[in-house]
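> Give me a 3D structure for the following:
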Amino acid sequence: MISTAKRLEGIGEYYFSTKLREIDNMNKSGEPVINLGIGSPDLPPHPDVIKVLREEAGKPNVHAYQSYKGSPVLRKAISEWYNKWYHVTLNPDTEILPLIGSKEGIMHICMTYLDKGDFALIPNPGYPTYRSAVKLAGGEIIEYALSEEKHWFPDLGQLAASIREAEQRSEGKVKLLFVNYPHMPTGQLPDVEKMKALVEFAKQQDLLIVHDNPYSFILNEKPESLLAVPGAMDVVLELNSLSKSHNMAGWRLGVLSAKQERIDEVLRFKSNMDSGMFLPVQLAAATALALDKSWYEEVNAVYRRRRELVFHLLDLIGCTYSKDQAGMFVWAPIPDRYQDGYELSDELLYKTRVFITPGGIFGDAGKNYIRVSLCATEAKLEEAIKKVQALKDKKQTAEV
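Presented below is the predicted three-dimensional model:
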């Protein structure tokens, strides 16, 4: 009997993959579930973006394999986008690598730099894919805890101690530090001084920072790139994406930006994994990147209205929360009467058919939190509020 590869040991199916299957079964058996769990934008891309895709896809000469480094048109558009919004100058020929989604880039980076026994520093709470990609690449994980008290930024002294301890007990090297600001799942905004300290830390410790930056335009007036920090190009690989900022999650459009040496190294792995993106998709992406400020303002106006409704929902549940969060989620501590976020999430799912994400899926530092997505219409959010209000009323009646 054929067994699975050892690299899959300890790697389970992605939480949302299993939960969505459960929700799908619930939808088939009764009243539909209101899904406030996943950050998949429900709004469409700009009409001009869709128009370019349609027009280009109809041409006879765009259906061949594409360059492993992406279309020059797209790379130029990415370079101009970074310069306009982040004030970062990137050479489109050597410092930009388009990706089939930034999630792909996380795996490529791990496979490029991690040998068996090497280490990567992973935030807790943090995006679960960081952990699984490191493991699949054969690397070892060093978690670093983030806390609300420290504004969800790493303690660099503790990081340094973790690096020393790991390298003293093993022949492996600590090579990668994953960071993500605006942070997911907590919505913590970047802090320029702390970002400068991160870059200096990476230089001192001889490691690479992987900065995952897909949320910088969502409910954030000042998009930031870690590459804007002086000297960052020496130690930073930055991932970005059109999934959230341009409502193109299903289009699978991401980018890796870094110095030429890093791009060439990652390309050695990536070029063996795919044969480039469909050219019309790349040309449509270039159109999206050229949109002006009004696009971001319109998208954020929708999210602001939705966020007010989510605040109301959380008030009904009894959660506290910060109103200074960025991104398309609201992160909130759970009331003391619940053991953890899973208990609260399951209660709402099974008693109101409203699904919100338990914070524990992002690491045990998130177990006493929940995360609510803004990727639902105002009508859906108002319906969710009514359902949760009805549950609250029922509980109060039972107590009387």
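> what does the lowest-mean-pLDDT helix or strand in the chain rub up against?
Lowest mean confidence among the helices and strands of the chain (mean pLDDT, DSSP states H and E): helix 15-29, at a mean of 82. Under the criterion C-beta atoms under 8 Å, 6 or more residues apart in numbering, residues 33, 35, 37-38, 128, 349, 353, 355, 361 lie in contact with helix 15-29. C-beta: built from backbone N, CA, C; applies to glycine.
> State the three-state secondary structure for Y82.
At Y82 the chain is in helix, as set by DSSP: H, G, I helix; E, B strand; the rest coil.
> Spatially nearest residue to it (excluding sequence neighbours)?
Distances taken as C-beta to C-beta, 6 or more residues apart in numbering place V88 nearest to Y82, at 4.6 Å, with adjacent residues excluded.
> wouldn't that neighbour be in contact with S225 here?
Yes - counting by C-beta atoms under 8 Å, S225 is a contact partner of V88 at 5.1 Å.
> that older thread, can you point out the buried residues in the least confident helix or strand of the chain?
Of all the residues in helix 15-29, those buried under the rule 16 or more other C-beta atoms under 10 Å are 16, 19-20, 23, 26.
> Mind jotting down where the strands sit in the stretch 201-350 of the chain?
208-212, 236-241, 254-257, 329-333 (DSSP state E, counting those that start in this stretch).
> Can you check the pLDDT for the nearest residue to L283 once chain neighbours are set aside?
Using C-beta to C-beta, 6+ apart and skipping residues adjacent in sequence, the residue nearest L283 is E56, 5.1 Å away. You'll see E56 listed with a pLDDT of 97.
> Could you do E13 as well?
For E13, pLDDT reads 69.
> Repeat that for V400.
pLDDT, V400: 62.
> Wait, a helix at G157?
Yes - under three-state DSSP, G157 falls within a helix.
> Centre of the chain to stretch 373-390, how far?
23 Å (C-alpha atoms, centre = their mean, to the nearest Å).
> what comes up buried for it?
Neighbour counts over stretch 373-390 (16+ other C-beta under 10 Å) mark 373-376, 380-381, 383-385, 387-388 as buried.
> JSON lines for the residues you listed, including secondary structure and distance to S170?
Formatted as JSON lines, those follow (DSSP: H, G, I helix; E, B strand; the rest coil; distance: C-beta to C-beta, whole Å):
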{"residue": "S373", "secondary structure": "strand", "distance to S170": "39"}
{"residue": "L374", "secondary structure": "coil", "distance to S170": "42"}
{"residue": "C375", "secondary structure": "coil", "distance to S170": "41"}
{"residue": "A376", "secondary structure": "coil", "distance to S170": "45"}
{"residue": "K380", "secondary structure": "helix", "distance to S170": "49"}
{"residue": "L381", "secondary structure": "helix", "distance to S170": "48"}
{"residue": "E383", "secondary structure": "helix", "distance to S170": "52"}
{"residue": "A384", "secondary structure": "helix", "distance to S170": "48"}
{"residue": "I385", "secondary structure": "helix", "distance to S170": "51"}
{"residue": "K387", "secondary structure": "helix", "distance to S170": "51"}
{"residue": "V388", "secondary structure": "helix", "distance to S170": "48"}
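> any idea where the helices of the stretch 151-300 of the chain begin and end?
156-169, 192-205, 260-270, 279-289, 293-317 (DSSP state H, counting those that start in this stretch).
> Return the most buried member of the ones you listed.
Among the helices of the stretch 151-300 of the chain, helix 279-289 has the highest mean neighbour count (mean count of other C-beta atoms under 10 Å), at a mean of 23.
> now that one: mean pLDDT?
Mean predicted confidence for helix 279-289 is 98.
> out of the contacts of helix 15-29, which are inside strands?
Cross-referencing the contacts of helix 15-29 against strands under DSSP state E gives 35, 355.
> secondary structure element for E143?
According to DSSP states H and E, E143 maps onto strand 140-145.
> From the contact counts, what lies against that strand?
When contacts are defined as 3 or more C-beta pairs under 8 Å, 6 or more residues apart in numbering; DSSP states H and E, strand 140-145 sits against strand 119-124, helix 128-136, helix 156-169.
> and of those, who's closest to V73?
With distances scored as C-beta to C-beta, the stretch of these nearest to V73 is helix 128-136 (28.9 Å).
> Tell me how far that closest one lies from the chain's centre.
13 Å.
> The strand or helix carrying A379 to helix 293-317, inter-axis angle?
In this assignment (DSSP H and E), A379 forms part of helix 378-399. Angle, helix 378-399 to helix 293-317, by axes from the mean of the first three to the mean of the last three C-alpha atoms, to 10 degrees: 10 degrees.
> got the domain boundaries for this structure?
For the chain, automatic domain parsing gives the domain ranges 6-44+294-399, 47-291.
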